[in-house]
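Asker: A predicted structure for the sequence below; I have some questions about it.
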Amino acid sequence: PQVMKGLDGIYEIFTTHYVIQEDHQYGYRPITKASFAIEYHFFGQNPLVSHLINALLYGFLCVFLFVVFKKIFKFSSDENLFLLLAVLLFAVHPIHTEVVASLKNREEILCFLFGLMAMYCFSQPLILKKIYFYILGFAFIVLSILTKQNGVVFAMLIPLQIYFFNINYDKERTFSIKIFNKFVAPKLELKKHVCNVLSFLKNNSKKVLGFLIILGISFTIAYFSIKIPEVHLPTNSEVEYWHNPNFTQPTFEREVFLFLESNLFYLNKLVYPSPLLFYYGYNMFPFENVFTLKTIVSFLIFLFLILIAISLIIKKHILSFSILFYFISISIFLNLFMPIAGIVAERFVFIASWGFCLGIVFLVFSILKQPIVQSLVEESKSNLKLQKNYVPIVFLPLLLIFSYQTLQRNKDWKDGFSIVQADIQYLNNSFFANSYYATKLDISSNLYNNIGVITKMTKHYKRAIEIYPDYDKVWNNLGRIYFEEYQNIDSAKFYFTNAIRINPDNHYAQFHIAYINQIQGRIEEAKAGYIRTLQIYPKFENALLLLSNLYLYQFNKVDSAYFYNQVAANYYPNSESVLLNTGNFYLFTGDTLNAVEKYEAAFKINPNNKNNAKSLYEYFIKTNNTTKANNYENF
C-alpha cells in the first residue's frame, strides 16, 4: 500500500517498518521500498519495468565492481585480465539469480552498490586533503545499511581494504605469486614479525592513527544506523521454531552444527550451484549430532582457509584479502552470532561471492603460472602472449556453463508459483516449502472437482506436519480441505481440534469447530464457539453473521441478533453477505421494504448471485413492478 502511493508514500516509507502486517511489523529498509514507490509513480505496476530495472542495476553493479577494484588494486591496463575474469565469473554465477529475478531482492543489489561506492571513496591514500571522500564514504555506508541491514559488513570491509591497499602499498608484496607457493607450510618467525610490526607502528604513526579513527567511525556509524531505527521502530514479530530452531530452543551444540552446515552450504553452492532453491529452513539440516562427516569437513575447510588468510595477512596477499572479504561478508549469515530465519539462503552470499570469485581466479592464474602483475614475471616476453590467451580459454567453459544455468534458472522465477513448482522436488524436508506449496496450489488452482490438485495439497500439508507438527495453521488448512473439499466432517474436526490444541487463539479453527457443532445440531456449543471466536478476533465477519442468525432463528432473541448484525454492518458496510443477512433480518421482523432495499444493494455488488436475483424477481412480480421484474429475470 505504501509503494502504491508513489511519491506521496515516501515520507511514510522512511518513518515506518519495512514489513507492516496485522500480526507483525519489523525491519527498516526504506531505500529499496522508496525505489519501488518512485518506479510505481512513473510506470504503475509493470513487471517488465521492474525486472528491467533490476537487470540494469545488476549490470551496472558488475561494471562498477571492475572500476572500483581496478582503483583499489591499482592495476595498470596490462593487468586487467585478472580483474575482468573475476567480474565475469561474478556476473554469470547462477547463485545470483535469486537476487536479480526476485524483485524484492533489489535491496541486495543496492546494498552492495552503496557499499562499493563507499569502498571507492576510501580507495584514496590516508591523507587529510581527501577528507571529503571519507565523509562521502561514511554516508554511503549508512545508505547501504538503510537499504538492508547486512550493509553493516562494510564497516569491517572498509578497514580491511585500507589495511591491504592504502597503507604502505607495495605492489610486489601484495601480489607476489611466490608467496602462494609457500603458504601451505609457512615458516613464521614470530620475533622478526613482532619487530617488524613495532617498527612499522613507529614509522607510520599518523597512518595507523588515521586507520584506527576510520575503524572507530565505521563501527560507530554502523551501530547507530541499526540501533536508531530499532529504538524508534521496535520489532513486533514472533519468530517460530520452523524459521530456525535456535530462535526458540537454542542449544550450543545446534548453534555449532548450523554454523558448520551453513559454512559448507555456501561454499558448496558457490563451487557447484545446483540445485538452487527458493527456500531451505527447517528441517533441511536435520540435527542429531554435532560431529558428522559434513560438519567435520566443513570445520577443516574453514580452519584451512582461515589459516591461509592469517598466514598471508602480514604479506598483504590477494588470497588473504579474498578469503577475509568472503568471511567478513558472510559472517552475519553463518548462524554463528545470531540465528538466521530460513537458516540459509542464496541471496545471503551475494556480497561474499565477490571474495570467492577473486580467490578462484587467483588460484587458476597461479596454477597456470599466469602473471597477475607482469613486472614480477621472470619468463621471457615471448611466452607472455601464449599465457595470456591460455587463461580465458580455461575459463570459457565455466563461464558458458554458469551462463546457461543462470538463464535456465531465470525461467523458474517467472512468478510466485513457478518457482515453488520447480523447487519442491528437492524440498521434501523443508517444513515451510511443503506448507507454502500447498497454499500456492490453493491460491493458483480452481479446486472445484479438481481431485488431483486437492490430493497434492493434502499430501504436502501432511508432509509439513510430519516435519513439524506444532504449527496450528497447517492443521487448520488441512481441516478446511477436509471440510470444504472432501466434505469429511469427522476428519475436519480432528484437524481443527489439533490446531486449537496448539494455539487456542486460532480463530479460524475455533470458527469451524463452532460451525460443525451448528450443522450437527449442538446449538449451545455452536453459540459458545462463535462467541469465543469473536473474543479472539472481533471482526470475524462469518462468525458475526452466523451468531446473529443463531440468536434470530434458534433463540428468538431479536435484540442480540440485531446487535451482532449491526457490528458486522459497521465493519463491512459493502459486503454482499452482510447486506443479504441484514435483508434476512428485516424480512424476519416483517420489514419487507427495507429487506428488499438490502437485497438490491447486495445484487449491485454481485450480479452473479442467481438466488438473490430470483428472490427479487419473485417479489417484484408480486408487487406488479414489471420493469424491475424483467430486469432481474434476465439474471
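Answerer: Received it, and whenever you're ready, just let me know what you need. Numbers count the residues shown, from 1 in each chain.

Asker: and stretch 458-471, which residues are buried?
Answerer: 458, 460-461, 463-465, 467-468, 471 (16 or more other CB atoms under 10 Å). (Glycine included, C-beta is placed from N, CA and C.)

Asker: and that stretch, average pLDDT?
Answerer: Summarised as a single mean, pLDDT over stretch 458-471 is 97.

Asker: what does that stretch contact?
Answerer: 240-242, 282-283, 424, 428-432, 434-435, 437-438, 441, 474-475, 477-478, 481, 502 (CB atoms under 8 Å, 6 or more residues apart in numbering).

Asker: are any of the residues you listed buried, and which?
Answerer: 240, 242, 282-283, 424, 429-432, 434-435, 437-438, 441, 474-475, 477-478, 481, 502.

Asker: now intersect these with the helices, please.
Answerer: Applying DSSP state H to these, the entries found in helices are 431-432, 434-435, 437-438, 441, 474-475, 477-478, 481, 502.

Asker: among the residues you listed, which pair sits farthest apart?
Answerer: L441 and I502 (23.0 Å; CB to CB).

Asker: and which of the ones in helices among the buried ones among the contacts of stretch 458-471 is nearest V153?
Answerer: F432 (26.3 Å).

Asker: contacting residues around the closest residue to the closest one other than its chain neighbours?
Answerer: Closest residue to F432 apart from its sequence neighbours, by CB to CB, 6 or more residues apart in numbering: G281 at 4.8 Å. With contacts defined as CB under 8 Å, 6+ apart, the neighbours of G281 are 242-244, 341-343, 430-433.

Asker: do that again at 6 Å, thanks
Answerer: 342-343, 430, 432 (CB atoms under 6 Å, 6 or more residues apart in numbering).

Asker: closest to S50 out of those residues?
Answerer: Using CB to CB, the contacts of G281 come closest to S50 at G342, 23.3 Å.

Asker: the closest one: how many residues sit nearby?
Answerer: Using other CB atoms under 10 Å, G342 has 19 neighbouring residues.

Asker: for it, which three-state class applies?
Answerer: Recorded secondary structure, G342: coil (DSSP: H, G, I helix; E, B strand; the rest coil).

Asker: okay, it: pLDDT?
Answerer: At G342, pLDDT is 95.

Asker: and the helices in the stretch 1-150 of the chain?
Answerer: Ranges of helices in the stretch 1-150 of the chain, per DSSP state H, counting those that start in this stretch, are 10-14, 30-43, 47-73, 80-92, 97-101, 106-121, 131-147.

Asker: can I get the fifth one as PDB, trimmed to CA atoms?
Answerer: Read that as helix 97-101. Provided in PDB are the C-alpha atoms of helix 97-101 (Å, rounded to 0.1, in the frame of the first residue of the first chain):
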ATOM      1  CA  THR A  97      19.700 -15.500 -10.000                       C
ATOM      2  CA  GLU A  98      17.500 -15.100  -6.800                       C
ATOM      3  CA  VAL A  99      18.900 -11.600  -6.200                       C
ATOM      4  CA  VAL A 100      18.100 -10.300  -9.800                       C
ATOM      5  CA  ALA A 101      15.000 -12.300 -10.700                       C
END
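
Asker: against which helices or strands is that helix packed?
Answerer: Packing partners of helix 97-101 (3 or more CB pairs under 6 Å, 6 or more residues apart in numbering; DSSP states H and E): helix 384-412.

Asker: can you point out the buried residues in the helix it packs on?
Answerer: 391, 395, 398-399, 402, 405-406, 409, 412.

Asker: and that helix with helix 47-73, angle?
Answerer: Going by axes from the mean of the first three to the mean of the last three CA atoms, to 10 degrees, helix 384-412 is angled at 150 degrees with respect to helix 47-73.

Asker: which secondary structure elements does helix 384-412 sit against?
Answerer: Helices and strands touching helix 384-412, as assessed by 3+ CB pairs under 6 Å, 6+ apart, comprise helix 80-92, helix 97-101.

Asker: please redo it, this time with the cut-off set to 7 Å
Answerer: helix 80-92, helix 97-101, helix 352-367, helix 418-423 (3 or more CB pairs under 7 Å, 6 or more residues apart in numbering; DSSP states H and E).

Asker: export those as JSON lines, with columns for mean neighbour count.
Answerer: As requested, those are arranged in JSON lines below (neighbours: other CB atoms under 10 Å):
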{"stretch": "helix 80-92", "mean neighbour count": "20"}
{"stretch": "helix 97-101", "mean neighbour count": "23"}
{"stretch": "helix 352-367", "mean neighbour count": "21"}
{"stretch": "helix 418-423", "mean neighbour count": "18"}
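
Asker: quick one: closest of those helices to E524.
Answerer: Of all these, helix 418-423 comes closest under CB to CB, at 43.4 Å.

Asker: residues in contact with that closest one?
Answerer: 277-278, 412-413, 436-437, 440 (CB atoms under 7 Å, 6 or more residues apart in numbering).
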